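**Q** Quick one, structure for this:
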Amino acid sequence: MAELRKEITTGRGIILAVTMVLGSGLFGLPGLALERGTPYEALAAWFLISLAMVPLIFIFSDLGVRFTTAAGLSRYAEEAVGAWGNYAVVYLMIGSVAFGMPAMSNIAAAYIARLIGTPESSVTALSLLFIVTMVASNLFGVRATSAVNGIAFSTLAGLLLVVIAHNALFIHSGATAATELLSGRHPLSFRSIGSLCALLFWAFLGWENLSYGLEEFQNPRRNIPIAFWGSFAAVTILYLLLALTTTGAALAGRTVGGASGMADLLPRNVGEKGLIIVMILVLLANGNVWVFSISRMLYAAARDGILPSRLARLDSRGVPTWSLLTLLVLFSAVTILSPLTGLSTGELVILVSQNFVFLFAFAVIAYWRLSRGLKGRIVGTAAVLSSALLLSDLSWWILFPAALTAAGFVVWKKRTTAAGCAP
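**A** Next up, the predicted model:
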């Protein structure tokens, strides 16, 4: 059987990881945080959630070096709870992307429609076009995906530099506010900060999906940790600079709250259209790398016999073409059917969000079981506390990932019983 090619260098790995994490929340969350708390509370939450991510990055980096396989999270789950965990994570991830990618495409389509001036009725067609573009980029291989994402990242970095340079005084004010926080001059509501951390946690989701691309890393023992920690440093610096900027602007009386609050910090010559173009590129890069990682998950699951063997076929360039085409059909079908069933984009996002409670739990349990000594216990405990930030947003939608997890166990149980294997 053909194998995935090891074409991911250190630089490509960092770009893939960064663009896997950065999405529409980059410009929306700073303003949304200011709507839900004071500028000081929002700034404190940004610093706290950044620190809370450290043990989780440590775990994903450690497990990534231990298991350099396209099975990724599925392999971690198998280590955590046994063979049935592999099935559960495969179903959880399919359930996540089946609704999450159409939701992302709908958001991108809304931006595109606003940019070109088409009516709202065109969003579904534009969403399908966006899906085709993401899958087509991946069909050309890792190098093409990395090139597209590199352009998007460079454009994003350029815009952020413009924002930072244009608002240098606000960054200074935000840094002053940070020192005041440490001095304890301003009263803070810890309940409000906890709620803000739960909101901002979503800005850091994405590194867990890098696990599905680790089989294609060159020199994995060296490059995997660099990709995780390098991308974490880049993303965290960007987030904290934006947090300082928006905090300083809010304290100066500027209107920067809300999902589009960042637009007020742009120079007039950039304006709304410039922001929309960058947002579309960021969403495209974010979608590209998700399609990349999930296609590898389908490939690995088919290779392990969990999904149909056809999905494990690679073309002459080592690209899992059948897995990518399956995702194209799945995303397109959900995009078309969602409006007919009354599922809004917001509800699609909620369905996805609940799944990550389960996905993170499998990784933390795997690390806990594999690690020995005081260091392992400290990191594992810290990761449990960090993951607990997700619990504040749980709703009855939690039944969706619970059902997918149960389905994974049932299918595994039936297959092992039919094969005459002891569970």
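
**Q** what about stretch 32-45, distance to the chain center?
**A** Relative to its chain's centre, stretch 32-45 lies at 22 Å (CA atoms, centre = their mean, to the nearest Å).

**Q** Could you tell me the end-to-end distance of it?
**A** 12 Å (CA to CA, to the nearest Å).

**Q** Show the average pLDDT along that stretch.
**A** Here stretch 32-45 scores 86 as its mean pLDDT.

**Q** Kindly report the same for stretch 178-187.
**A** On average, the pLDDT along stretch 178-187 is 80.

**Q** does T176 sit in a helix or strand, and which one?
**A** helix 168-183 (DSSP states H and E).

**Q** quick one: buried residues of the helix or strand following that helix?
**A** Per DSSP H and E, the first helix or strand lying C-terminal to helix 168-183 is helix 190-200. Neighbour counts over helix 190-200 (16 or more other CB atoms under 10 Å) mark 192-193, 195-200 as buried. For the C-beta atoms, the positions are set from N, CA and C on the backbone; glycine is no exception.

**Q** surely V364 meets A388?
**A** No - the pair V364 / A388 is not scored as a contact, 10.6 Å apart, by CB atoms under 8 Å.

**Q** who's more crowded, these two?
**A** Between V364 and A388, counted using other CB atoms under 10 Å, V364 has the larger neighbour count: 23 against 13.

**Q** hmm, back to that, residues in contact with the helix holding T176?
**A** Helix 168-183 is contacted from outside by 39-40, 43-44, 47, 164, 186, 188, 241, 243-249, 251-252, 254, 265, using CB atoms under 8 Å, 6 or more residues apart in numbering.

**Q** In helices, which of these fall?
**A** The helices, defined by DSSP state H, take in 39-40, 43-44, 47, 164, 241, 243-249, 251 from those.

**Q** residues contacting T405?
**A** Counting by CB under 8 Å, 6+ apart, T405 touches 88, 91-92, 358.

**Q** and if you look at I398?
**A** I398 is in contact with 354, 357, counting by CB under 8 Å, 6+ apart.

**Q** Could you work out the end-to-end span of stretch 5-14 for me?
**A** One end of stretch 5-14 sits 18 Å from the other (CA to CA).

**Q** Just the mean pLDDT for stretch 307-327, thanks.
**A** Across stretch 307-327, pLDDT averages out at 90.

**Q** Not counting it itself, show me its contacts.
**A** By CB under 8 Å, 6+ apart, the surrounding residues in contact with stretch 307-327 are 1-5, 7, 90, 97, 101, 135, 138-141, 291, 294-296, 298-299, 301-303.

**Q** ok, and for that stretch, which residues are buried?
**A** The neighbour-count check on stretch 307-327 (16+ other CB under 10 Å) flags 307, 311-314, 319-324, 326-327 as buried.

**Q** ok, these vs L32, which is closest?
**A** Lowest distance from L32 to those (CB to CB) belongs to L327, with 29.6 Å.

**Q** how near is that closest one to G150?
**A** Counting by CB to CB, to the nearest Å, the separation of L327 from G150 is 22 Å.

**Q** what about A366, neighbour count?
**A** 24.

**Q** I figured it hits L73, correct?
**A** No - look at A366 against L73 with CB under 8 Å: they stay out of range, at 9.1 Å.

**Q** CA-only coordinates of stretch 104-112 in CSV, if you can.
**A** Output of stretch 104-112 as CSV, limited to C-alpha atoms (Å, rounded to 0.1, in the frame of the first residue of the first chain):
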residue,chain,number,x,y,z
MET,A,104,-17.2,28.0,8.6
SER,A,105,-18.0,28.0,4.9
ASN,A,106,-21.3,29.9,5.6
ILE,A,107,-19.4,32.5,7.6
ALA,A,108,-16.9,32.9,4.7
ALA,A,109,-19.7,33.1,2.2
ALA,A,110,-21.4,35.9,4.2
TYR,A,111,-18.1,37.9,4.0
ILE,A,112,-17.8,37.2,0.3
